[in-house]
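1. sequence and predicted structure are below.
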Amino acid sequence: MAKEFLNFHLHIAPTTSVYKTFPVKIQASIKPQNHEPRIRHHRSRSRTTYVNQREVRSIESTVSSIKRLLSYVNSGYLENALQMFEKMCKSNTFVWNVMIRGLVDSGLFEEAILFYYRMICEGIKADNFTFPFVIKACAGVFGLKEGQNVHSTIIKLGFDVDIYICNALIVMYAKVGRVDDSEKIFERMPVRDLVTWNSMISGHVFAGDGRSALMCLQKMQKFGVELDRFSYMGALGACILERCLLSGKEIFCRVLRNGLELDLMIQSSLIDMFGKCREVNYAVRFCNGISGKNVVVWNSMIGAYAVNDRPFESFACLKMMQEDDNVKPDTITLMNLLPSCSNLGALLQGRAVHGYAIRNGYLSHLVLEIALVDMYGKCGSAKLADSVFLHMRERNLVSWNAMIAAYVQNSYDREAIKTFQDLQLELYVPDEMTFSTILAAYAEIALPKEGKQIHGHIYKSGLPLGTFVSNAMIHMYAKCGDLEAARKFFNRMLFKDLVSWNTIIMAYAIHGYGEYCFRLFSDMMSEGFQPNGSTFVSLLSACSIAGLVDEGWKYFDAMKRDYELDPGIEHYGCILDLIGRGGNLDRAKRFVEEMPLIPTHRIWGSLLAASRHHRNVELAELAANQIFSLNNDNTGCYVLLSNIYAEVGRWEDAERIRRLMKERGLERTTGCSIVECNGKSYKLSNYDKSQSGSNVVYDVLDILSRKIGEDLYVCSLGKFKTQNIVKARVDSPLFHSVRLAICFGLIGTTSGEAVIIRKNVRICEDCHSAAKKISQITEREIVVGDSKIYHHFKDGVCSCGDYW
């Protein structure tokens, strides 16, 4: 057996390994064989095979993780995506790009920028797919500095010719207000595609330059680039900015020729264009021809009604949207409805819209919350506006501006100034809207020095004084009592618009310079401006304050006859003041009854003031009852009626009105006056002795009172019962705040300088008479700005003609 086995072993042929890596030759040998080299080689090969299999499994796991990450991001499950990202290997640029894109798509722009910087810090190189998302994030936070830093990195890496990156840069620079930089990038691009042209058009639209957007559209067509839906939508947005209906109709024809009239996005843009170009009937006809309207189309139609001051139609449109097409309102629907609520002063409907937003989870939505703050402010509820503002999770400059405006609109001027200060503490940079709004607050409570301080603050901010802010500045100086500064500012303006002229005319009107207002109006017309309703409010106010009856009727009649302007409630109020000033109260009553508009509390208040001035109790009662029926809790109405009853000896009625005020929780506004002396402002109340040097002030007041023929007991006592004469002596107008302020100003200002005083309520008859006499004996001009007009007392005469 051993021999046979040996023979068998001797005759076996050489054999090759199945792995074909080396020949294995089996040969007979009686010497022992060394198999260690082959064993080591086989072991090494086995280990290599195991490592390769492990790498394959690792790659498969990474691919699977990336797929899951993409799935989370695309589905909007960003929290899950972030958790998974932190567990993954982060050496891949693609993974970072996915996360940055997800953050941008979710509107988390600041987080996306931070992710980009984290990526750079961890040594991961950004590629040409990273930068479009990062640039979009910079545009989302309006971060010019961040955008410029990213742009410099792009240039260093040589990606500045990448068409996708350039398109993103064009949009970003336009959104941060640097459309010139957008144009530079556009002009330097070696290759442009359709998105490039659309980005440039939308950039001009975003910057508010509709004319340049339309020129870019024309240039695009000359280059033979085919327009798409986004091109037309951008062009229609440009027509809206320029209020150019003709160009809008031309684009509409091109849409028809290209067969895009059934595109719902273009349809909604066309409705929006027609509505904002004041052709709401076109919008209605076009909307009626659309079948299967979606929420975007309905939103455009509701918005068209709202911007054309047709609030009832906008609510009817909402009803049709829900009942006819069964379309559920979204956040845009609510935002378009809120201006209609503001227009009507419909607080109840506005609160209903707010409630619907809460029930449907539409809050927190920043733009909707800002619209709610604006609506509540315009509907007279600053408290509700403040409540919405305080509960906002996120705030931006626009939300702060809306809150400041809400305070100003409701005469909470000091709260507006406090909010303005808080805004700066939050490190927001005020813009034109901020300053123009806060200037209105300063206009109501400030004196010239404080007005100059806010002017200096605007100057130091580096903000260009555009027409918008300049108009607010003129109004502020005029209301602060510095008419000369207002006129100088007006004269220095390079670009004046109609609002500028209206503002300066009103400035001279409230100071009683009616004749000069007419000269300004003539200058305005010679400059080629056509008057609007606000122009005639300024002119008629000038006539009313200065007592120019014939001129007032002339301008009132000219509105419809010469300028085709329908008089509004403010115009009728000015004419009613004129009639009441003349004492013809029967005519005033007929004028109110024959008005084509429903009289408001403003109209009835004018009639009440005229009745009080001429002691007509019956007509005063009629006017007051009408005001009460309107649920207007104006304390001035109650005070006027109570004073009328007292002056004619109807003490029980006077007491009844005072009790009614108390029952309704109304308190008479405490009178106070502010005067400026030696660069400081002093606030004085009635019988005030809190200021240093009060003894001197009271000594001067005593001397002046005797010189003008008054003393402690000589004043108007007609408003007091006989048994209350002692109380009347204690409450003598001799110690009213305006008299104390006059004395304070006479002491603290140089001879020949006008004494300027701000008063929070109307000046009383006694103090008005005293101020005239003091101006005569001291030979000083005394300017008192009360809650309605400025009284210029000089040489014993007041600019108001003793009617205010």
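-> Cool, got the structure.
2. now the helices for the stretch 1-150 of the chain?
-> Applying DSSP state H, counting those that start in this stretch to the stretch 1-150 of the chain gives helices spanning 2-10, 36-75, 78-87, 93-105, 109-121, 130-140, 144-157.
3. figure out how far the third one is from the centre of its chain.
-> In this view, helix 78-87 has its centroid 38 Å away from the chain centroid, taken as Cα atoms, centre = their mean, to the nearest Å.
4. quick one: low-confidence ranges for this structure?
-> Scanning the chain for pLDDT under 70 picks out 1-64, 632-633, 711-731.
5. how about the strands in it?
-> Per DSSP state E, the chain carries strands over the ranges 15-16, 23-24, 672-677, 680-685, 755-759, 782-785, 790-794, 797-798.
6. looking at those, which is buried most?
-> strand 755-759 (a mean of 25; mean count of other Cβ atoms under 10 Å). C-beta: built from backbone N, CA, C; applies to glycine.
7. one step back: would JSON lines of the strands of the chain with distance to residue 567 be doable?
-> Below are those laid out as JSON lines (distance: least, Cβ to Cβ, whole Å):
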{"stretch": "strand 15-16", "distance to residue 567": "112"}
{"stretch": "strand 23-24", "distance to residue 567": "114"}
{"stretch": "strand 672-677", "distance to residue 567": "36"}
{"stretch": "strand 680-685", "distance to residue 567": "40"}
{"stretch": "strand 755-759", "distance to residue 567": "31"}
{"stretch": "strand 782-785", "distance to residue 567": "28"}
{"stretch": "strand 790-794", "distance to residue 567": "26"}
{"stretch": "strand 797-798", "distance to residue 567": "29"}
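8. closest to residue 571 out of those?
-> Evaluated over those, closeness to residue 571 peaks at strand 790-794, with 21.7 Å, by Cβ to Cβ.
9. on contacts alone, who are the packing partners of that closest one?
-> Secondary-structure packing of strand 790-794 (3 or more Cβ pairs under 8 Å, 6 or more residues apart in numbering; DSSP states H and E): helix 765-778, strand 782-785.
10. quick one: which of these is nearest residue 118?
-> strand 782-785 (57.8 Å).
11. how far does that closest one sit from its chain's centre?
-> The answer for strand 782-785 is 33 Å, by Cα atoms, centre = their mean.
12. what's in contact with it?
-> 479-481, 673, 738, 742, 745, 754-759, 763, 771, 774-775, 790-794 (Cβ atoms under 8 Å, 6 or more residues apart in numbering).
13. let's go with 7 Å and repeat that
-> 481, 738, 742, 754-759, 763, 771, 774-775, 790-793 (Cβ atoms under 7 Å, 6 or more residues apart in numbering).
14. ok, stretch 485-494 next?
-> Against stretch 485-494 from outside (Cβ under 7 Å, 6+ apart): 470, 473, 474, 477, 478, 500, 504, 507.
15. and the first one, how many residues sit next to it?
-> This points to residue 470. By the measure other Cβ atoms under 10 Å, the count of residues near residue 470 is 22.
16. then the second one?
-> The local packing of residue 473 (other Cβ under 10 Å) involves 26 other residues.
17. got it, and the third one?
-> In terms of burial, residue 474 registers 25 neighbours under the definition other Cβ under 10 Å.
18. any idea how far it is from residue 322?
-> Distance of residue 474 to residue 322, given as Cβ to Cβ, to the nearest Å: 47 Å.
19. cool, and the last one?
-> Relative to residue 322, residue 507 is positioned 48 Å away (Cβ to Cβ).
20. who has more neighbours out of these two?
-> residue 507 (25 against 14).
21. residues in contact with residue 602?
-> Counting by Cβ under 7 Å, 6+ apart, residue 602 has contacts 569, 573.
22. residue 78: how many residues sit nearby?
-> There are 18 residues near residue 78, going by other Cβ under 10 Å.
23. again with residue 110
-> Residue 110 has 15 neighbours, counted by other Cβ under 10 Å.
24. what's the closest non-adjacent residue to it?
-> Using Cβ to Cβ, 6 or more residues apart in numbering and skipping the chain neighbours, the partner closest in space to residue 110 is residue 141 (5.7 Å).
25. the one you found reaches residue 109, doesn't it?
-> Yes: contact criterion Cβ atoms under 7 Å: residue 141 and residue 109 qualify, at 4.7 Å.
26. which of these two has more neighbours?
-> In terms of neighbours (other Cβ under 10 Å), residue 109 is the more surrounded of residue 141 and residue 109; the figures are 20 against 16.
27. how about the contacts made by residue 697?
-> Residue 697 touches 740, 743, 744, 747, counting by Cβ under 7 Å, 6+ apart.
28. that one and residue 739: what is the separation?
-> Going from residue 697 to residue 739 by Cβ to Cβ gives 10 Å.
29. quick one: buried residues of stretch 795-802?
-> Within stretch 795-802, the residues scored as buried using 16 or more other Cβ atoms under 10 Å are 798, 799, 800.
30. quick one, helices of the stretch 601-750 of the chain?
-> 601-613, 617-629, 635-647, 651-663, 694-707, 725-730, 737-748.
31. okay, the fifth one in CSV with CA atoms only?
-> By that I understand helix 694-707. Only the C-alpha atoms of helix 694-707 are listed here, as CSV (Å, rounded to 0.1, in the frame of the first residue of the first chain):
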residue,chain,number,x,y,z
SER,A,694,-41.5,129.0,41.6
ASN,A,695,-41.7,131.9,44.0
VAL,A,696,-40.3,134.3,41.4
VAL,A,697,-42.7,132.9,38.8
TYR,A,698,-45.7,133.5,41.0
ASP,A,699,-44.4,137.1,41.8
VAL,A,700,-44.2,137.8,38.1
LEU,A,701,-47.6,136.3,37.5
ASP,A,702,-49.1,138.5,40.3
ILE,A,703,-47.5,141.7,38.8
LEU,A,704,-48.7,140.8,35.2
SER,A,705,-52.2,140.0,36.5
ARG,A,706,-52.6,143.3,38.1
LYS,A,707,-51.2,145.1,35.1
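32. save the helices of the stretch 601-750 of the chain as TSV, and put in distance to residue 352 too.
-> Below are these laid out as TSV (distance: least, Cβ to Cβ, whole Å):
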stretch	distance to residue 352
helix 601-613	24
helix 617-629	24
helix 635-647	30
helix 651-663	30
helix 694-707	54
helix 725-730	49
helix 737-748	44
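33. dump the residue contacts of the spatially closest residue to residue 434 that is not a sequence neighbour.
-> Among residues not flanking residue 434 along the chain, residue 401 sits closest, at 5.3 Å (Cβ to Cβ, 6+ apart). By Cβ under 7 Å, 6+ apart, the contact set of residue 401 is 433, 434, 437.
34. let's see that with 8 Å instead.
-> So residue 401 contacts 431, 433, 434, 437 (Cβ under 8 Å, 6+ apart).
35. mind putting the residues you listed in a markdown table, neighbour count included?
-> Shown next, in a markdown table, are these (neighbours: other Cβ atoms under 10 Å):
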| residue | neighbour count |
| --- | --- |
| 431 | 14 |
| 433 | 18 |
| 434 | 24 |
| 437 | 23 |
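36. distance from the chain centre to stretch 549-557, please.
-> Distance, stretch centre to chain centre, for stretch 549-557: 36 Å (Cα atoms, centre = their mean).
37. hmm, back to that, closest one to residue 529 among the strands of the chain?
-> strand 790-794 (25.6 Å).
38. describe which strands the closest one pairs with in its sheet and in which direction.
-> strand 782-785 (antiparallel), strand 797-798 (antiparallel) (DSSP bridges).
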